[in-house]
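Enquirer: I need the structure of the sequence given here:
(one chain, ligands or ions: 1)
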Amino acid sequence: MIRPMIHKEDLDWDESERSFELNGLRFVTVHGGGGFDDWVPGANSLLFYKTRVLVEQYLDYFASLSNPPRGGNLLELGLYDGGSVPFWFECLEPDRHAGLDIKAAKTSEYLERYLAREDRRSRISLHWGVDQTDAKRLDELCENAFGDAPLDFVIDDASHLYDESRRSFELLFPRLRPGGLYVIEDWAWFHWRGTEKSFSGCRPLTHLVNEIVELTGSTSNHLVLGVHVCSGFAVVRRGWAPADDLVEFSLDQFIYRHPR
Ligand SMILES: C[S@@+](CC[C@H](N)C(=O)[O-])C[C@H]1O[C@@H](n2cnc3c(N)ncnc32)[C@H](O)[C@@H]1O
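Expert: The predicted model follows:
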């Protein structure tokens with residue numbers, strides 16, 4: 001049976017466009033460039049590090065798919081205050097949902113109450129103090145959360161730095177099932193006006209998206225079925241290569257460029 005998909009009309013935004021309700025949960029959104037004072041979510045809401053535009057881009061993208069992602073195994077990189085966990089759990093209804101963040105544990109009472117309901121403790125696991133580039137910890141985490149099963153969906157909303165994001169992609173993309181989706185959120189920070197100081201001196205994440213396009217061109221459908229790029233995120237759909245072909249997977253191994 002096809003389960004209902006959350007559409008953007010299902011989100012009840014308040015007038016300020018900073019907070020919304022979904023399935024009885026209140027989310028307060030924040031994004032880089034804002035001040036800290038108005039980031040306090042309050043005892044009965046979840047802090048969600050996204051703008052309304054970004055949230056709607058995601059929901060529009062899923063609605064545009066003939067087979068929107070539902071169920072399966074979801075891995076989230078970058079939790080901040082943990083508010084994205086209930087959001088994705090409500091939207092995508094994963095069978096298993098794991099999240100990691102490099103920070104020490106940080107869950108609000110509201111999030112704890114959410115996690116305590118129904119069978120969520122057995123389906124959702126949060127892993128704090130884990131670096132997105134730590135191959136050993138990622139292996140352990142995937143094994144504990146998903147066993148031998150492949151991933152259906154990865155959302156990288158962690159460092160947004162080129163080296164770290166590329167490493168995560170190389171470690172986790174092979175773990176996706178064929179047809180599974182890998183999201184790189186906020187890839188476009190190098191092109192945002194007014195946030196020049198936040199990533200000053202860092203290599204643009206745009207380079208990783210460009211390289212993934214090169215990978216797509218270099219390998220036909222074998223590795224990448226397609227790439228969807230919008231201003232908020234890029235989504236890479238995994239091709240049919242067996243995981244055994246992708247041991248020690250690296251972009252450099254597969255990208256081909258004509259000699260100049
Ligand atoms: C943009 S926030 C995540 C927001 C969250 N997904 C949401 O939508 O509410 C980015 C998070 O990534 C974490 N982070 C930064 N570098 C990381 C790394 N190398 N490994 C894992 N997490 C990292 C930060 O601690 C921060 O909490």
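
Enquirer: Can you name the residues that contact L79?
Expert: For L79, the contact set (Cβ atoms under 8 Å, 6 or more residues apart in numbering) comprises 85, 99-101, 103, 106, 126, 128. Where C-beta positions appear, they are placed from N, C-alpha and C, glycine not excepted.

Enquirer: touching the ligand at all, stretch 70-88?
Expert: Yes - using Cβ under 6 Å from any ligand atom, stretch 70-88 reaches the ligand at 77-80, 83-84.

Enquirer: Quickly check those residues for the two that are furthest apart.
Expert: Using Cβ to Cβ, the two most remote members of the residues of stretch 70-88 next to the ligand are L77 and G83, lying 14.9 Å apart.

Enquirer: what about the strands in the stretch 1-150 of the chain?
Expert: With strands called from DSSP state E, counting those that start in this stretch, the stretch 1-150 of the chain shows them at 12-13, 19-22, 25-29, 46-48, 73-77, 96-101, 124-128.

Enquirer: wait, the stretch 151-260 of the chain
Expert: For the stretch 151-260 of the chain, the strands defined by DSSP E, counting those that start in this stretch occupy 151-156, 176-185, 224-229, 233-238.

Enquirer: got a markdown table for those strands, with distance to the ligand, mean neighbour count and mean pLDDT too?
Expert: Listed next are these as a markdown table, based on distance: least, Cβ to the nearest ligand atom, whole Å; neighbours: other Cβ atoms under 10 Å; pLDDT from 0 to 100:
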| stretch | distance to the ligand | mean neighbour count | mean pLDDT |
| --- | --- | --- | --- |
| strand 151-156 | 7 | 24 | 97 |
| strand 176-185 | 7 | 20 | 97 |
| strand 224-229 | 19 | 16 | 97 |
| strand 233-238 | 11 | 22 | 98 |
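
Enquirer: Is it possible to get JSON lines of those strands that adds distance to N210?
Expert: Formatted as JSON lines, these follow (distance: least, Cβ to Cβ, whole Å):
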{"stretch": "strand 151-156", "distance to N210": "16"}
{"stretch": "strand 176-185", "distance to N210": "12"}
{"stretch": "strand 224-229", "distance to N210": "10"}
{"stretch": "strand 233-238", "distance to N210": "10"}
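
Enquirer: Which among those is found nearest to S16?
Expert: strand 176-185 (22.8 Å).

Enquirer: quick one: the residue lying closest to P204 once chain neighbours are set aside from T206, how far?
Expert: Closest residue to P204 apart from its sequence neighbours, by Cβ to Cβ, 6 or more residues apart in numbering: F190 at 3.5 Å. Distance of F190 to T206, given as Cβ to Cβ, to the nearest Å: 5 Å.

Enquirer: Now for the closest residue to I102 other than its chain neighbours, how many residues are close by?
Expert: Spatial nearest neighbour of I102, excluding adjacent residues (Cβ to Cβ, 6+ apart): D131 at 5.1 Å. By other Cβ atoms under 10 Å, the residues close to D131 number 17.

Enquirer: thinking again about what came up before, what is the burial count for the residue nearest to P204?
Expert: Around F190 there are 16 residues (other Cβ under 10 Å).

Enquirer: Correct me if wrong: it contacts S200.
Expert: No - F190 lies out of contact with S200 (Cβ atoms under 8 Å); the separation is 10.8 Å.

Enquirer: With just CA atoms, put stretch 147-155 into PDB.
Expert: C-alpha atoms of stretch 147-155 as PDB (Å, rounded to 0.1, in the frame of the first residue of the first chain):
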ATOM      1  CA  GLY A 147      22.500  -4.500  10.300                       C
ATOM      2  CA  ASP A 148      23.400  -5.800   6.800                       C
ATOM      3  CA  ALA A 149      20.600  -3.800   5.100                       C
ATOM      4  CA  PRO A 150      21.600  -1.100   2.600                       C
ATOM      5  CA  LEU A 151      20.700   2.500   3.200                       C
ATOM      6  CA  ASP A 152      17.800   4.000   1.300                       C
ATOM      7  CA  PHE A 153      18.400   7.600   2.100                       C
ATOM      8  CA  VAL A 154      21.300   9.700   3.400                       C
ATOM      9  CA  ILE A 155      21.000  13.400   4.300                       C
END
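
Enquirer: I am finished for the moment; much appreciated.
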